[in-house]
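1. How does the following fold in three dimensions:
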Amino acid sequence: MTNLRPGLIITADDFGLHTSVNLAVERAHREGVLSAASLMVAAPAAADAIARAHACPNLRVGLHLVLADGQAMLPRDVIPDLVDADGRFGVRMAYEGTRFFFLPQIRRQLAAEIHAQFKAFAASGLALDHVNTHKHFHLHPTILSLMIKIGRPFGLRAIRLPRERGMPLLLKPWLALLRRKLAAAGIAHNDHIAGIEHSGKFDEAALLETLARLPQQGVTEIYLHPALISGAEIGPSMPAYRHADEFAALISPRVHLALNQLSLRGFRLGGYSDLVGLT
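-> Here you go, the predicted model:
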């Protein structure tokens, strides 16, 4: 969805996962360069995140669908084949993806959970800027198709395309399929992305390097995982994540200066609804 003027979306994922994440998102937006956040509606601190988002009217907020390594919205008795006794999705994404393909009962439960998460976002009263998935699970064509079908009545108009240089060759066919499906459905997406390479370690130096080599055309999304504390305190699957370093990068004066220089060169900063030519 290329525009004539280059655009930049700087997003915080995992909004709602922990109050420390929420505080970092609010501060990085008010004091730094953060323009968007992706909300986990069933996460422990989701209500706090929603309240903070309403207090930041210029922060663009999207839905971060969680279908792996996280809490479900629906109770276990409704989706018994998707979650454990604590109502959490597992981490064996290849195994789960195979079940999504071949088992209709699993797909029905998956559709119900996706609908519940869209419904919860709608109930937040926030405008839906974009949708993506935890761990890029929408590369799975079953999940993507359900996202598009279920999300349209809730105002879905933009989805993250996680196509970053250096990604494994194994993922290229799935990325190509995702792009074709978005085009066929008329769903907007970013042209470029940065975040996978530096996931969990997107510090000031990495962010400055990324800003220095931004493509001169189209819309680039940079996504990070900021928080005021780091590692397993935020989530047990993130022991090596340097969340606090990522927050520090977002409020860095050097990063702010680099963004000002990009603005002078014609770059626009915002969310998907500002930059991706939605009609």
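
2. Can I take it that I10 is in a strand?
-> Yes - counting by DSSP: H, G, I helix; E, B strand; the rest coil, I10 is part of a strand.

3. heads up, I number from 55, so please use that
-> I'll keep to 55 as the first residue from here, and by that count the last item is I64.

4. That one contacts L278, doesn't it?
-> Yes - if you go by CB atoms under 8 Å, I64 and L278 touch, sitting 7.5 Å apart. Every C-beta, even on glycine, is put in place using the N, C-alpha and C of the backbone.

5. Output the lengthiest helix in the chain as CSV, restricted to C-alpha atoms.
-> Secondary structure of the chain per DSSP state H: the longest helix is helix 158-177. Once non-C-alpha atoms are left out, helix 158-177 reads as follows in CSV (Å, rounded to 0.1, in the frame of the first residue of the first chain):
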residue,chain,number,x,y,z
PRO,A,158,-13.0,-28.6,11.8
GLN,A,159,-13.8,-28.7,15.5
ILE,A,160,-10.6,-26.9,16.3
ARG,A,161,-11.3,-24.3,13.6
ARG,A,162,-14.7,-23.6,15.1
GLN,A,163,-13.2,-23.0,18.5
LEU,A,164,-10.5,-20.9,16.9
ALA,A,165,-13.1,-18.8,15.2
ALA,A,166,-15.0,-18.3,18.4
GLU,A,167,-11.9,-17.1,20.2
ILE,A,168,-10.9,-14.7,17.4
HIS,A,169,-14.5,-13.3,17.5
ALA,A,170,-14.3,-12.9,21.3
GLN,A,171,-11.1,-10.9,21.0
PHE,A,172,-12.4,-8.6,18.3
LYS,A,173,-15.6,-8.1,20.4
ALA,A,174,-13.6,-7.3,23.5
PHE,A,175,-11.6,-4.7,21.6
ALA,A,176,-14.8,-3.1,20.3
ALA,A,177,-16.1,-3.0,23.8
